[in-house]
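Enquirer: The following comprises the amino acid sequence and a computationally predicted model.
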Amino acid sequence: MNPDNRNMLRVRVVAAAEAALSRQGFVSAIDVLSGIQWLDQATLKRWKQAQLACLEAGIQTNLTRISEAMRLFRAWATEKHLSPSETAYVAKTPARTTLRFSQSGDATIERLYRTHWVSPDLSAKKRERIKETANRPPELVVVQPLDGDWKCHRCGGSGDLLIMEEPGPSCLTCAGLGALVFLPAGDAGRSRRAKARSDVHAVVIRFSRTRKRYERQGLLVPPEALRDADSSETGLVVADATFNDRSRE
Ligand SMILES: [Zn+2]
C-alpha cells in the first residue's frame, strides 16, 4: 500500500476507534470496520446468525487492506495503552457455534479479531462489567405467533412457537429447542435463577396488536434448570446456615 493511502486509512481507522472508545469505553475490530464503513449492519447481522462463512467474506474490500486496517487499529490501541481483552463471539443460533472472522481461520488472526481494547481510565468494576456483557452469548428469540398459519421450513409442521431463521420460520423441534419448557414472565427472581442455570435459553415474545409492539411473555429453559432454580431457594438457606456455623467456630 502506498504511504498516502496508508495515511488516509490511518486517519479513518483512528477516527472510528476514537468514536467507539468514547461511546462505550472499549473498541472492537467490528467497531472499526463498521466505523470506516467496510462492514454494514445487515451483513453484520447475517454473520452473527452464522449465515456467512466468515466476517471477512462480508467486508467490501480486499484482504490486504483489511489486514492493514487491523494493523493500524492495533498500533493505535497499543499507543493509547488500552488493555487487550479477549472476547467470545458466539452465533445467535441454537447451536451456539463460535463465529469465524478470517478467511484463513488462523488461530492468531482469530484471536486478534476477538480482542477488545478497553480504556484504562475505567474503574476495575466498570471494566469487569464491560467484559461480562461482551462475553454474554446473544439471546435467542422465540415468537408466539398470533395465528397458526405458518409452516416450518424444515418439516412443514406448525405449532404455538417458532424461531425465525434465514430461510423462514422453524419449529422448535427442528431448531433443536424442543426439550425446553416455558417459564412465564412475572417472577423476576425465579426467571433469573432459571436463566443462570441454563446452558441454553430463549426469550418468548408475542406481538401485541393494541400496543403495536412485541412483548416478552417469558423464557424457555431446560426443565432441569427450572427444577434447580425452584429447589435453590432452600439451597440458599442451607448455605447460609453452613456459613453461620463456620463463623461461630
Ligand atoms: Zn420443523
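Expert: Received the coordinates, thanks. Bear in mind that the values here come from a model prediction, so they are computed numbers and not experimental data.
Enquirer: near the ion, which residues of this structure show up?
Expert: Neighbours of the ion within the chain, by Cβ under 5 Å from the ion: 152, 154-155, 157, 171, 174. C-beta coordinates here come from the backbone N, C-alpha and C atoms, glycine included.
Enquirer: Repeat the analysis, applying 6 Å as the threshold.
Expert: 152, 154-155, 157, 170-171, 173-174 (Cβ under 6 Å from the ion).
Enquirer: Out of those residues, which comes closest to Ala17?
Expert: Nearest to Ala17 out of the residues of the chain next to the ion is Ser170 (Cβ to Cβ; 38.2 Å).
Enquirer: Looks like the closest one contacts His153 (just checking).
Expert: Yes: Ser170 lies in contact with His153 (Cβ atoms under 8 Å); the separation is 5.9 Å.
Enquirer: So these two - more neighbours on which side?
Expert: Between Ser170 and His153, counted using other Cβ atoms under 10 Å, Ser170 has the larger neighbour count: 23 against 15.
Enquirer: Any regions of this protein where pLDDT drops low?
Expert: For the chain, the stretches with pLDDT under 70 are 233-249.
Enquirer: quick check: longest strand of it.
Expert: strand 213-221 (DSSP state E).
Enquirer: Okay, buried residues for that strand please.
Expert: In terms of neighbour count (16 or more other Cβ atoms under 10 Å), strand 213-221 has its buried residues at 217-221.
Enquirer: can you list the residues of the chain next to the ion in a markdown table and add secondary structure?
Expert: Formatted as a markdown table, the residues of the chain next to the ion follow (DSSP: H, G, I helix; E, B strand; the rest coil):
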| residue | secondary structure |
| --- | --- |
| Cys152 | coil |
| Arg154 | coil |
| Cys155 | coil |
| Gly157 | coil |
| Ser170 | strand |
| Cys171 | coil |
| Thr173 | coil |
| Cys174 | coil |
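Enquirer: Of the residues you listed, grab the buried ones for PyMOL.
Expert: Buried residues within those, by 16+ other Cβ under 10 Å, are selected in PyMOL with:
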select buried, resi 152+170+171+174
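Enquirer: just curious, which of the residues of the chain next to the ion is nearest to Phe73?
Expert: Distances from Phe73 to the residues of the chain next to the ion, taken by Cβ to Cβ, are shortest for Ser170, at 37.3 Å.
Enquirer: Helices along this protein, start to end?
Expert: Under the criterion DSSP state H, helices of the chain are mapped to 3-24, 29-35, 41-48, 63-79, 107-114, 124-135, 188-196, 223-248.
Enquirer: From these, pick the one with the highest average neighbour count.
Expert: Of these, the one with the most neighbours on average (mean count of other Cβ atoms under 10 Å) is helix 29-35, at a mean of 22.
Enquirer: And the contacts of that helix?
Expert: 12-13, 15-17, 19-20, 24, 39-41, 44, 55, 59, 66, 69-70, 73, 101, 112-113, 115 (Cβ atoms under 8 Å, 6 or more residues apart in numbering).
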